[in-house]
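In: give me the fold of what follows.
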Amino acid sequence: RMPNWGGGKKCGVCQKAVYFAEEVQCEGNSFHKSCFLCMVCKKNLDSTTVAVHGEEIYCKSCYGKKYGPKGYGYGQGAGTLSTDKGESLGIKYEEGQPHRPPNPNAARMAQKVGGADGCPRCGQAVYAAEKVIGAGK
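Out: Below you'll find the model as predicted:
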């Protein structure tokens, strides 16, 4: 067994010594760059993609699936669009002027998803940028 001369830090994953050139710090713990991976999908993490739960590290997508809200309409991970205007929370929504995109070309750039007439839930047109597939629909 080699002596640990620097008193050094131990990797939060493999528990071996971490040296400065290979160190990643997160929430007061040190990791080897090669050990700083999501515990579920093993993707490389960085300060913008890591989600910490106790001593465990995850990518934000896997963290959301494991610890995020449960129930109907959840579980698609981060970035899910919702058309809920808050009625379920008692929020009144006033129908006013129709929404105008800030970019006048936005309507032309939105492409209707081929073969899909509309959302099976609300019947509105589904566009490529807002498409979420669930149960094959």
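In: how about the contacts made by C38?
Out: When contacts are counted by C-beta atoms under 8 Å, 6 or more residues apart in numbering, C38 touches 45, 57-59, 62. (Glycine included, C-beta is placed from N, CA and C.)
In: can you pull the pLDDT of K137?
Out: pLDDT for K137: 70.
In: so it sits against P120, correct?
Out: Yes. Using C-beta atoms under 8 Å, K137 is in contact with P120, at 4.9 Å.
In: how long is stretch 54-64 end to end?
Out: This stretch, stretch 54-64, spans 15 Å end to end (C-alpha to C-alpha, to the nearest Å).
In: K66: what secondary structure?
Out: With DSSP: H, G, I helix; E, B strand; the rest coil as the basis, K66 sits in helix.
In: which one is Y19 nearest to, not counting chain neighbours?
Out: Once flanking residues are discounted, Y19 sits nearest to G8: 7.2 Å by C-beta to C-beta, 6 or more residues apart in numbering.
In: can you check Y63 too?
Out: Distances taken as C-beta to C-beta, 6+ apart put A51 closest to Y63, at 3.6 Å, once the chain neighbours are dropped.
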